[in-house]
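S.K.: Take a look and give me a structure for this.
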Amino acid sequence: MKAKWLFVFGLAGMTVSASALMLLIPSLFDSGEQGNFWGIGVLACLAVVFAVGMLYWRPSTSSSDGG
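M.R.: Here you go, the predicted structure:
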């Protein structure tokens, strides 16, 4: 049961951090404005950490039909 909640937490965290990252990427290409590289870097690292965590926390799939 704990692994299922960790998986859901990882999925939600990855979704939020990746969507915020996608919203900030166009600011890198605006002329005349300095991009926030630290913020984008932190969000990218968070998305990767949550994605790797989801691989480890995914619930086990057990087949009960025996075939």
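S.K.: Now do stretch 44-60: distance to the chain's middle.
M.R.: 7 Å (C-alpha atoms, centre = their mean, to the nearest Å).
S.K.: Name the surrounding residues that touch that stretch.
M.R.: Contact with stretch 44-60 is made by 3-4, 6-7, 10-11, 13-14, 17-18, 21, as judged by C-beta atoms under 8 Å, 6 or more residues apart in numbering. The way it works is simple: take the backbone N, C-alpha and C, and place the C-beta from them, glycine included.
S.K.: Least confident of those residues?
M.R.: Across the set of the contacts of stretch 44-60, Ala3 stands lowest in pLDDT, at 72.
S.K.: That one: neighbour count?
M.R.: When neighbours are defined as other C-beta atoms under 10 Å, Ala3 has 12 of them.
S.K.: who's in contact with Leu11?
M.R.: 50, 54.
S.K.: Relative to Leu28, which of the contacts of stretch 44-60 is nearest.
M.R.: Leu21 (11.0 Å; C-beta to C-beta).
S.K.: With Thr61 as the reference, measure out to Phe29.
M.R.: Between Phe29 and Thr61 the distance is 42 Å, computed by C-beta to C-beta, to the nearest Å.
S.K.: Filter the contacts of stretch 44-60 down to just the ones in strands.
M.R.: Members of these lying in strands (criterion: DSSP state E): none.
S.K.: So which of these sit within helices?
M.R.: Among these, the members found in helices (DSSP state H) are 3-4, 6-7, 10-11, 13-14, 17-18, 21.
S.K.: Let me have those in TSV, extended by distance to Gly53.
M.R.: Output for those, formatted as TSV (distance: C-beta to C-beta, whole Å):
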residue	distance to Gly53
Ala3	11
Lys4	13
Leu6	7
Phe7	9
Gly10	4
Leu11	10
Gly13	8
Met14	8
Ser17	12
Ala18	13
Leu21	16
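S.K.: Can you select the buried ones from these in ChimeraX?
M.R.: Entered in ChimeraX, the line below selects the buried ones among those, by 16 or more other C-beta atoms under 10 Å:
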select :6,7,10,11,13,14,17,18,21
